[in-house]
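[1] test case, fold it:
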Amino acid sequence: MSKLARTITAIVALLAVGLTPTIASAADNNPVPVGGRQTIWAVPAFPHSAAGTRSPGSLYEDVAFAGNALTGTLVVPTLTSQNSVGSEHACESDAACVTSDYSLVRANGMFPVCQSMEQGPCLLSMEYSSGVSDYRSAVFSGVLDESPTASELSLIAPQAGQTLVKTVMHLGWGSNKLGIPASAAGPLLFHLPGVTNGAGVDTFMVQASFSYNGTLGPSGIVMGDFGGFKLSVVPVKNDAAQPSSIRVSEWLDSKGATHVSAGGSGSYLPSESPYVSQEGRGFSASFPPDLKLRLKLRLPSSLGGWLQGRADNPDITLERNTDSSNLLTLEANPTAVPVTGAEFGINDPVLEQIHDLIGLSSEWVSSARSRAAAGASGFGLIEFPNSLALARLVDLEPYLGSTAKGSTSIWEFQSLASSNLCMTDNRSLQGVLTTNAMVYQPELPMLQNGQLTYKVAGLHFDSQGNVFQGTYSFIMKDSVARCLYGFKGAGPISGTVTVTSSDGAENVAYTNVTDDGQWLKLTAHGFTFSNPTISAKLTQAGATTDAPATGSGASAGASASVIKSITCAKGKLTKKVTGSSAKCPTGWKKK
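    This next block holds a predicted model:
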């Protein structure tokens, strides 16, 4: 790859999370068969990313919407201490770098397997069910240690203007006298006897991470808060012929300040290779059909709030463990999420129209074209973060077509914050939201005019040409719903869920609202795309209400909306529209 191409890749990496498509080529060293990988491209979205297809002067910019999976993010167990002016030290496992001068603690850790009743966050157990079988316990194989070996330390190259101070010899850390939560040295590997993934093996990686910030107090204990956590399960195949590591290093700059950086080796991005270890490199595979996973976590009670998930049929259980910790059980099936992308030549007139949407300035495009004219070749790849993905898919849909180009299989959950006063309690789990939409609203549903609304988007057809069926599940504590709507009394909550397309029509195969007294579950299945809005209106029969506590919307009425179905016609075509205010879309007439 030329210098220009490397520059493009570097700039793109700063703009968004990159995701490498798994397209076979002469240089493809991925041991997982193409049809068994986590992301399967039925139509090559980026043909010029494959080896041997570039020629001098051919430069391409690729755009991907590929599920925003957590496996596209490299997780590095890192513990640092900082002083008041921002200089930082890389801590070894004994955390000795945390001192009165370097008293600010920043930790990005990974869940270990639980060893005691008091430990947390940690993974207590993993179970699985295949088809109609009962749950069985997964077999813990060990920690995938991503620490460098002695021979790999010699591969560290000095950065410009900086001097290498040290490299952390062993990632992760155990329980310590400072009170910093313990971290494993890497992800956890499990075997699921009797189950094989797309790579033909029974190995699955659990990648659970947390962030923690604190300050060393006068008593010698770090007082801090959790920033959230992420949890994913990925079917994997280990390739012992490609061992690698992650190196966390401390550098001294010319002004005498120290900085910490982390990096690995190899040409793969985390979406294709979700872990490296001293025993080999892991490659992601697809989930087997009919698999259901149940993970139990021990969490500090302060590590709560909301979870956004990529999973089907989620169910949650929350139990008190100690006065300061909870036991959280997450149960769900993996979900299939459509993926798509497009490739634009650097001289394509379309790139001139959309460069600002994908984060490239006109000056950058002009410079790149000049360098391509001088013979540079290569490609850059952009996948938008959740905060931008919904808007960008809607903007770029005319250039993407209406049919997805592949799919990816995912089982994951991550923390999600809210500014709504009824949803800000992080002392325990408040709820879980999941969807299989290609992109989704990066915030929790918003209360507007008495309805909880949530936006998703995607392409109308899957990669096989079938109409894609959307799923949505929103589980929240009963107390949250009562706060949002100002409900009084202990009566059960009911309501309706509607899905409205961009043309105003309501079209959904199945909706349901259930309340077991502790958790309220709202579901919608079978809706279609491209950018529908999901709305829920909750009611409590016979109860009085106060105005919503946040003032963000009107309170719900006392009676549930009536669901009705109508038949609409357009020429010889007919369709059924179902909803509380069902009406025919533009151009259709009610029969």
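[2] every contact and neighbour count from this point should use C-alpha atoms.
    Will do.
[3] mind listing what's buried along the lengthiest strand in the chain?
    For the chain, the strand that runs over the most residues, judged by DSSP state E, is strand 222-239. Buried residues in strand 222-239, defined by neighbour count with 16 or more other C-alpha atoms under 10 Å: 222-224, 226-239.
[4] list the contacts for Leu252?
    Counting by C-alpha atoms under 8 Å, 6 or more residues apart in numbering, Leu252 touches 162-165, 258-259.
[5] pLDDT, distance to Asp515 and secondary structure added to those residues, as a markdown table?
    Formatted as a markdown table, those follow (pLDDT from 0 to 100; distance: C-alpha to C-alpha, whole Å; DSSP: H, G, I helix; E, B strand; the rest coil):
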| residue | pLDDT | distance to Asp515 | secondary structure |
| --- | --- | --- | --- |
| Gln162 | 79 | 59 | strand |
| Thr163 | 87 | 60 | strand |
| Leu164 | 84 | 58 | strand |
| Val165 | 89 | 58 | strand |
| Thr258 | 90 | 54 | strand |
| His259 | 89 | 51 | strand |
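[6] any idea of the pLDDT on Ser58?
    If you check Ser58, the pLDDT there is 83.
[7] leaving out chain neighbours, which residue sits closest to it?
    Ser377 (4.8 Å; C-alpha to C-alpha, 6 or more residues apart in numbering).
[8] hang on, that neighbour packs against Glu61?
    No - look at Ser377 against Glu61 with C-alpha atoms under 8 Å: they stay out of range, at 11.0 Å.
[9] what's the neighbour count on Asp537?
    Wrong residue type there; residue 537 is Lys, not Asp. Lys537 has 22 neighbours, counted by other C-alpha atoms under 10 Å.
[10] now it, nearest residue through space, not along the chain?
    Nearest non-adjacent residue to Lys537 (C-alpha to C-alpha, 6+ apart): Gln451, at 4.8 Å.
[11] and Leu299, by the same measure?
    Leaving out its chain neighbours, the residue that sits closest to Leu299 by C-alpha to C-alpha, 6+ apart is Pro121, at 4.6 Å.
[12] in stretch 317-335, what counts as buried?
    Applying 16+ other C-alpha under 10 Å to stretch 317-335 flags 321, 325-335 as buried.
[13] that stretch: end-to-end distance?
    One end of stretch 317-335 to the other measures 20 Å (C-alpha to C-alpha, to the nearest Å).
[14] how about the residue nearest to Leu299, what does it touch?
    Pro121 makes contacts with 111-112, 181-182, 297-300, as judged by C-alpha under 8 Å, 6+ apart.
[15] and the buried residues of stretch 317-335, which is the shakiest by pLDDT?
    The pLDDT minimum for the buried residues of stretch 317-335 sits at Asn321, where the score is 82.
[16] packing partners for the host helix or strand of that residue?
    Using DSSP states H and E, Asn321 sits in strand 312-322. Packing partners of strand 312-322 (3 or more C-alpha pairs under 8 Å, 6 or more residues apart in numbering; DSSP states H and E): strand 325-333, strand 429-435, strand 470-477.
[17] now tabulate these in TSV and tack on distance to Ala368.
    Output for the helices and strands packed on strand 312-322, formatted as TSV (distance: least, C-alpha to C-alpha, whole Å):
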stretch	distance to Ala368
strand 325-333	44
strand 429-435	38
strand 470-477	39
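[18] would you map the helices across the stretch 251-400 of the chain?
    Applying DSSP state H, counting those that start in this stretch to the stretch 251-400 of the chain gives helices spanning 349-354, 362-373, 386-400.
[19] need those in CSV (columns: distance to Asn313).
    Below are the helices of the stretch 251-400 of the chain laid out as CSV (distance: least, C-alpha to C-alpha, whole Å):
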stretch, distance to Asn313
helix 349-354, 37
helix 362-373, 45
helix 386-400, 22
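[20] of all these, which lies closest to Trp411?
    Closest approach to Trp411 among the helices of the stretch 251-400 of the chain (C-alpha to C-alpha): helix 386-400, 16.7 Å.
[21] what's next to the closest one, contact-wise?
    Applying C-alpha under 8 Å, 6+ apart, the external contacts of helix 386-400 come out as 65, 68, 340-342, 354, 357-358, 384, 439-442, 456-459, 531.
[22] just the buried subset of those residues, written out for ChimeraX, thanks.
    Buried members of the contacts of helix 386-400, defined by 16+ other C-alpha under 10 Å, are picked up in ChimeraX with:
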select :65,68,340,341,342,354,358,384,439,440,441,442,456,457,458,459,531
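[23] helices of the stretch 451-591 of the chain, residue ranges please.
    Remark: helices assigned in the stretch 451-591 of the chain by DSSP H, counting those that start in this stretch are 478-485.
[24] check the stretch 51-200 of the chain too.
    Going by DSSP H, counting those that start in this stretch, the stretch 51-200 of the chain shows no helices.
[25] domain assignment for this protein?
    Per automatic domain parsing, the structural domains of the chain span 3-69+337-408, 74-269, 411-561.
[26] any idea which of these gets closest to Ser277?
    Closest to Ser277 of these is domain 74-269 (C-alpha to C-alpha; 4.4 Å).
[27] now that closest one, how far from the centre of its chain.
    Taking C-alpha atoms, centre = their mean, to the nearest Å, one finds domain 74-269 lying 18 Å from the centre of the chain it belongs to.
[28] which residues are in contact with Cys122?
    Contacts here follow C-alpha under 8 Å, 6+ apart; on that basis Cys122 touches 111-114, 297-299.
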